[in-house]
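Asks: Task: produce atomic coordinates for the following.
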Amino acid sequence: MKLGRRTALKAGVGAGAAAVIGAPSIVGAQAPMKLDLATVWPDGNFHTKNAKRFAEEVAKATNGQVVITVHSGGSLGYKGPEQLNAVRDGLVPMADILNIQQVGEAPLLGIEGVPFLVANPEELKVLQKYARPEFDKIATKFNQTILYTVPWPTQYLHTKTKSDTLDGLKGLKIRVPDRQAGDMVNSLGMAAVQIPWGETVPALASGAVVGVTTSSVSGVDGKFWEFLKYFYKTNHVWSSQIVTINNDTWKKISPANQKIIKDLAAKLEPEFWKVSVEADATSSKRLTEGGMEMIIVPEPMLKEMRAKTVGLEKAFVDRAGPVAAEIIAKYKKDLGRS
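Replies: Have a look, this model is predicted:
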């Protein structure tokens, strides 16, 4: 994105946020507001659909006083790793942010990406019970408020190569979304290449990478069947999208409408989690229909993957600090793990 575009967006946030859209004022005396929400995911992605549903419900619940426009596919010019700072600086009032891509700024946001720490959505809910208060503190530090979070579903390793051993995948160049996933891929003997989502399909097309670690949903977004043949159900890491709003913008919304928006986010979040689970089943089916084969990882291979990545939990705690160790300890105790 050119500097002029960023400057124009920042200058326009206040004006856009206060734009009158002609709706009658029923809740308080606040003038109607128009807010942009940036996301890198395309219109067909379930996270984008969730965001649009949230926007529709907010407009209805506030009687048109708060109108959110979702800009999909990175159309506002921000890559995924840039969004936390873009909202902080008021370059865009709202964004749907991938937590694990913000670890350069806030290492603790990568806690869901510790390899094999979380096995399913139920366990992720337990982890978030302890992590979410700390996520909220991070958001405040970055001048924003979290409205809701929604996880990505089961993660897969999508490749051109079929193997029932790690040795058979050795040296493959694999696209990863963040450093922690890169550390995991490298530990398994493959070669990680960290690339934002918007550059992933071109990297596959050019041969810069021959595999991708991501969900089946993203596999469908990228039409991976045009480049790859297999997807391994490794379920190695988890991550979540976090929808936030800039606090300077948030303060301009009346207390009554703030409550409406927060209550609505809390109501919709469980529904959005359910959509995530359903999206995995639908997307996995679409990948196989496109010609890819799902590989259920053999237990010996999975056991080796866990053994080779066991040290990454400590490495994460060393980066993220004592609070990370406390969260993980509470989480494991809650699940009855040692």
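Asks: Name the residues of the longest helix along the chain that are buried.
Replies: Of all segments of type helix in the chain, defined using DSSP state H, the longest is helix 255-289. Going by neighbour count (16 or more other CB atoms under 10 Å), the buried part of helix 255-289 is 257-258, 260-261, 264-265, 268-269, 272-273, 275-276, 279-280, 283-284, 286-287. No exception for glycine: its C-beta is placed from N, CA and C like everyone else's.
Asks: counting contacts, what elements does that helix pack onto?
Replies: In terms of contacts (3 or more CB pairs under 8 Å, 6 or more residues apart in numbering; DSSP states H and E), helix 255-289 is packed against helix 46-61, helix 121-141, strand 144-151, helix 216-221, strand 293-295.
Asks: so what strands line up beside the third one?
Replies: Pointing back at strand 144-151 there. Here strand 144-151 has these sheet partners by DSSP bridges: strand 240-246 (antiparallel).
Asks: the inter-axis angle of the strand it pairs with versus helix 121-141?
Replies: 30 degrees (axes from the mean of the first three to the mean of the last three CA atoms, to 10 degrees).
Asks: chain center to the next helix-or-strand element following strand 240-246, what's the gap?
Replies: Per DSSP states H and E, the first helix or strand lying C-terminal to strand 240-246 is helix 247-250. Helix 247-250 has its C-alpha centroid displaced from the chain centroid by 22 Å (CA atoms, centre = their mean, to the nearest Å).
Asks: Over to stretch 87-105?
Replies: Using CA atoms, centre = their mean, the offset of stretch 87-105 from its chain centre is 10 Å.
Asks: Show me which residues of it are buried.
Replies: 87-103.
Asks: beta partners of I242?
Replies: Under the criterion used (DSSP bridges), I242 bridges to I97, T149.
Asks: Pretty sure it sits against I146.
Replies: Yes - using CB atoms under 8 Å, I242 is in contact with I146, at 5.6 Å.
Asks: and for these two, which residues touch both?
Replies: F135, A139 (CB atoms under 8 Å, 6 or more residues apart in numbering).
Asks: Same drill for those two, tell me which one is more crowded.
Replies: I242 (24 against 18; other CB atoms under 10 Å).
Asks: From T39, how far off is that one?
Replies: 11 Å (CB to CB, to the nearest Å).
Asks: which residues are common contacts for the two?
Replies: If you check I242 and T39 against CB under 8 Å, 6+ apart, the residues they both contact are D96.
Asks: Make sure F316 is actually in contact with V114.
Replies: Yes - when contacts are counted by CB under 8 Å, F316 is listed as touching V114 (5.1 Å).
Asks: what do the two both touch?
Replies: Q180.
Asks: send the alpha carbons of the helix or strand hosting T213 over as CSV?
Replies: In this structure, T213 sits in strand 211-215 according to DSSP H and E. Extracted in CSV, the C-alpha atoms of strand 211-215 (Å, rounded to 0.1, in the frame of the first residue of the first chain):
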residue,chain,number,x,y,z
GLY,A,211,3.0,-27.5,0.3
VAL,A,212,1.0,-25.4,2.8
THR,A,213,0.1,-25.8,6.5
THR,A,214,-3.4,-24.4,6.9
SER,A,215,-7.1,-25.4,7.3
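Asks: what sits up against that strand?
Replies: Residues from elsewhere that reach strand 211-215 (CB under 8 Å, 6+ apart): 152-161, 172-177, 181, 185, 190, 200, 204, 218-219, 222, 224, 228, 234, 236-237, 280, 283.
Asks: Out of the residues you listed, which sit inside helices?
Replies: Mapping the contacts of strand 211-215 onto helices (DSSP H) picks out A181, V185, T200, L204, S218, G219, D280, S283.
Asks: Pick the one among these closest to P298.
Replies: V185 (18.8 Å; CB to CB).
Asks: Nearest spatial neighbour of that closest one, chain-adjacent residues omitted?
Replies: A192 (4.0 Å; CB to CB, 6 or more residues apart in numbering).
Asks: does the one you found really touch D178, like I thought?
Replies: No - if you go by CB under 8 Å, A192 and D178 don't touch, sitting 9.8 Å apart.
Asks: Quick check: which ranges of the stretch 201-338 of the chain have low pLDDT?
Replies: By pLDDT under 70, the weakly predicted segments of the stretch 201-338 of the chain are 338.
Asks: Count the neighbours of the closest residue to Q180 other than its chain neighbours for me.
Replies: Distance criterion CB to CB, 6+ apart; nearest residue to Q180, sequence neighbours excluded, is G113 at 4.5 Å. For G113, the neighbour count with other CB under 10 Å is 28.
Asks: Please tell me how far G113 sits from G74.
Replies: Note on G113: its distance to G74, by CB to CB, is 21 Å.
Asks: ok, now A325?
Replies: Counting by CB to CB - A325 and G74 are separated by 35 Å.
Asks: Neighbour count: the two, which is higher?
Replies: Remark: of A325 and G74, G74 carries more neighbours, 20 against 15, as counted by other CB under 10 Å.
Asks: If anything else comes up later, I'll come back, but that's it for now.
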